[in-house]
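Participant: Could you work out the structure for the sequence below:
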Amino acid sequence: MANDPFINKLMAVLADSFGDLAPEVFRKSPLLQYIDKKTKSANKGSKARGSFGNLYAIYVILEDYIKKGFCEHPDSYETYEGAIFSDIFKRQRQLPFGEKLQNHALNNRANDEFRKFFPRLGQVPIKRDLETKRYWINDTLLLLKIRDNDINLARPVISIIDEYVKAKQDSFTEFYQQCINLRVNKGDNEEKIKQFVLNLLAPNIDARIFEIASFAILKWFYVGQTTYFGFSPRKLSREPLHLYKTGRTNANDGGIDFVMRPIGRFFQVTETLDFKKYFLDIEKLERYPITFVIKTNLSDKEIVSKLKSDAKGSFEDEKMIERYISCIEEIINIPKLQECLDDVCENGFTATVLEEIIDHCKLEFNFYGDDEEYTEEE
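Facilitator: Below you'll find the model as predicted:
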């Protein structure tokens, strides 16, 4: 716990609710221990990967539980018809950082991850009926009896997740302020800007920040590069390469994060080395060639070797595996991104990359206020 400052906020919430019973409540609650594991990035800054999907799946069902009065009448919950999927799905997208969340956490990911942490417990936090599309919190995990005290964790869990979200919002605001501060006198800050961007290319960086930084670098790396395009050998035109971001980060975009004109090259950003994810992206694009931008220091040969080795554990058809692997047009890892950044800076686009990052941060983190709010004097 000493290395996890957020545990102090978690325990403070429990102390407010249960007084000196708080430590025992935590020890006896798998649900609270799961939430503790999911909130460890809260005080590690914006660069630490945030975790919202599974927490919000629990959060919105608990909101429904509280709203319907089951904190006061928990015994009647067993006859409740359940929360409506469309209502809680809409609600999770209204929460901070939740705009792009899909239904995966509600349907299986939260439960699957909980099982991994507590394989012998035989319980999961979310119950659902596939036919009626109704959802319930597992009140076996919600209700405790400690020293003759009836403990209901619904409201404390909501408060803990609220504290986690606030901590992440504060850290992203701090990150954005760092960007704006570097913009001041950017002509004299080029080396600082370069080092700042280099620090965004790290295995422990938040997935969205890594995607934004990699896009900014690659976009300006390809600037100035050209290809010849046309429908006749005698009528070729010289066309500049231009990289476009296809939408918000972590969006359900079918495996296309960036696309390059005019050659129609697709890029997918990822941090996993699970071959199933790569094969799924390739399959969704009907085995169209795709470039993977991967948050790892492993070499492209090491990555391909791992994908093949892991795939062989699930598929016997080696020719099929090779067909999928052949669809990987290029692998861009962290060292390659660092090399691209070197070229970008040598070509005089250091400050431009920073501006690109700022623009996308405004979109991703809803920073639409006046930039003058963030200055070095502050």
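Participant: drop to CA atoms for contacts and neighbour counts, all remaining ones
Facilitator: Will do.
Participant: Output the below-cut-off pLDDT ranges for the stretch 51-200 of the chain.
Facilitator: 51, 186-187 (pLDDT under 70).
Participant: rerun that using 90 as the cut-off
Facilitator: Applying pLDDT under 90 to the stretch 51-200 of the chain flags the ranges 51-53, 96-105, 107, 167-178, 181, 183-189.
Participant: Could you pull out the strands in it for me?
Facilitator: Using DSSP state E, counting those that start in this stretch, the strands found in the stretch 51-200 of the chain span residues 83-84, 126-129, 134-137, 143-146, 149-152.
Participant: Redo the ones you listed as CSV? Include distance to Phe52 and mean neighbour count.
Facilitator: Output for the strands of the stretch 51-200 of the chain, formatted as CSV (distance: least, C-alpha to C-alpha, whole Å; neighbours: other C-alpha atoms under 10 Å):
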stretch, distance to Phe52, mean neighbour count
strand 83-84, 20, 18
strand 126-129, 16, 18
strand 134-137, 17, 21
strand 143-146, 23, 14
strand 149-152, 23, 14
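Participant: any chance of these in JSON lines, plus distance to Phe229?
Facilitator: Formatted as JSON lines, the strands of the stretch 51-200 of the chain follow (distance: least, C-alpha to C-alpha, whole Å):
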{"stretch": "strand 83-84", "distance to Phe229": "52"}
{"stretch": "strand 126-129", "distance to Phe229": "54"}
{"stretch": "strand 134-137", "distance to Phe229": "54"}
{"stretch": "strand 143-146", "distance to Phe229": "66"}
{"stretch": "strand 149-152", "distance to Phe229": "66"}
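Participant: Asp188 is nearest to which of these?
Facilitator: Between Asp188 and these, the tightest spacing by C-alpha to C-alpha is seen for strand 126-129, at 53.6 Å.
Participant: Adjacent strands (with direction) for the closest one?
Facilitator: strand 134-137 (antiparallel) (DSSP bridges).
Participant: List of residues touching the strand it pairs with?
Facilitator: For strand 134-137, contacts defined as C-alpha atoms under 8 Å, 6 or more residues apart in numbering pick out 58, 61-62, 65, 81-85, 125-129.
Participant: same thing but at 10 Å, please
Facilitator: Applying C-alpha atoms under 10 Å, 6 or more residues apart in numbering, the contact partners of strand 134-137 are 57-62, 64-65, 77-78, 80-86, 88, 106-107, 124-129, 154.
Participant: Now list the buried members of those residues.
Facilitator: 57-62, 64-65, 77, 82-83, 85, 88, 106-107, 124-128, 154 (16 or more other C-alpha atoms under 10 Å).
Participant: Just the ones of those in helices?
Facilitator: Counting by DSSP state H, those place 57-62, 64-65, 85, 88, 154 in helices.
Participant: got the residues you listed as TSV, with distance to Glu302 columns?
Facilitator: Output for these, formatted as TSV (distance: C-alpha to C-alpha, whole Å):
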residue	distance to Glu302
Ala57	36
Ile58	38
Tyr59	39
Val60	41
Ile61	42
Leu62	44
Asp64	47
Tyr65	48
Phe85	42
Ile88	42
Ala154	46
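Participant: wait, which of those residues is closest to Ala311?
Facilitator: The closest of those to Ala311 turns out to be Ala57 (C-alpha to C-alpha; 30.9 Å).
Participant: How about that closest one: what's its closest non-neighbour residue?
Facilitator: Leu106 (5.1 Å; C-alpha to C-alpha, 6 or more residues apart in numbering).
Participant: hang on, the earlier thing: farthest pair within the ones in helices among the buried ones among the contacts of strand 134-137?
Facilitator: Most distant of these, by C-alpha to C-alpha, are Phe85 and Ala154, 19.2 Å apart.
Participant: if I look at the closest residue to Arg128 other than its chain neighbours, how far off is Glu99?
Facilitator: Computed as C-alpha to C-alpha, 6+ apart, the closest residue to Arg128 that is not its neighbour in sequence is Tyr135, at 4.4 Å. For Tyr135, the distance to Glu99 equals 21 Å [C-alpha to C-alpha, to the nearest Å].
Participant: hang on, Glu113 packs against Ala105?
Facilitator: Yes. Glu113 is within contact range of Ala105, at 9.5 Å (criterion: C-alpha atoms under 10 Å).
Participant: Now list whatever residues contact both of these two.
Facilitator: Counting by C-alpha under 10 Å, 6+ apart, the contacts common to Glu113 and Ala105 are Asn54.
Participant: higher neighbour count, these two?
Facilitator: Ala105 (20 against 15; other C-alpha atoms under 10 Å).
Participant: Report the spatially closest residue to the more buried one, excluding sequence-adjacent ones.
Facilitator: Asn54 (5.1 Å).
Participant: and that neighbour, how many neighbours does it have?
Facilitator: The number of residues near Asn54, taken as other C-alpha under 10 Å, comes to 22.
Participant: Relative to Asn8, which of the strands of the stretch 51-200 of the chain is closest?
Facilitator: Using C-alpha to C-alpha, these put strand 149-152 closest to Asn8, at 20.1 Å.
Participant: partners of the closest one, with directions?
Facilitator: Sheet pairing of strand 149-152 (DSSP bridges) gives strand 143-146 (antiparallel).
Participant: chain center to the strand it pairs with, what's the gap?
Facilitator: Here strand 143-146 is found 34 Å from its chain centre; the criterion is C-alpha atoms, centre = their mean, to the nearest Å.
Participant: ditto for stretch 315-326
Facilitator: With C-alpha atoms, centre = their mean, you get 29 Å for stretch 315-326.
Participant: Any buried residues in that stretch, and which?
Facilitator: Result for stretch 315-326 [16+ other C-alpha under 10 Å]: buried residues 321, 324-325.
Participant: wait, which of those is closest to Phe221?
Facilitator: Nearest to Phe221 among those, with distances taken as C-alpha to C-alpha, is Ile325, at 25.7 Å.
Participant: where does the closest one land in three-state SS?
Facilitator: At Ile325 the chain is in helix, as set by DSSP: H, G, I helix; E, B strand; the rest coil.
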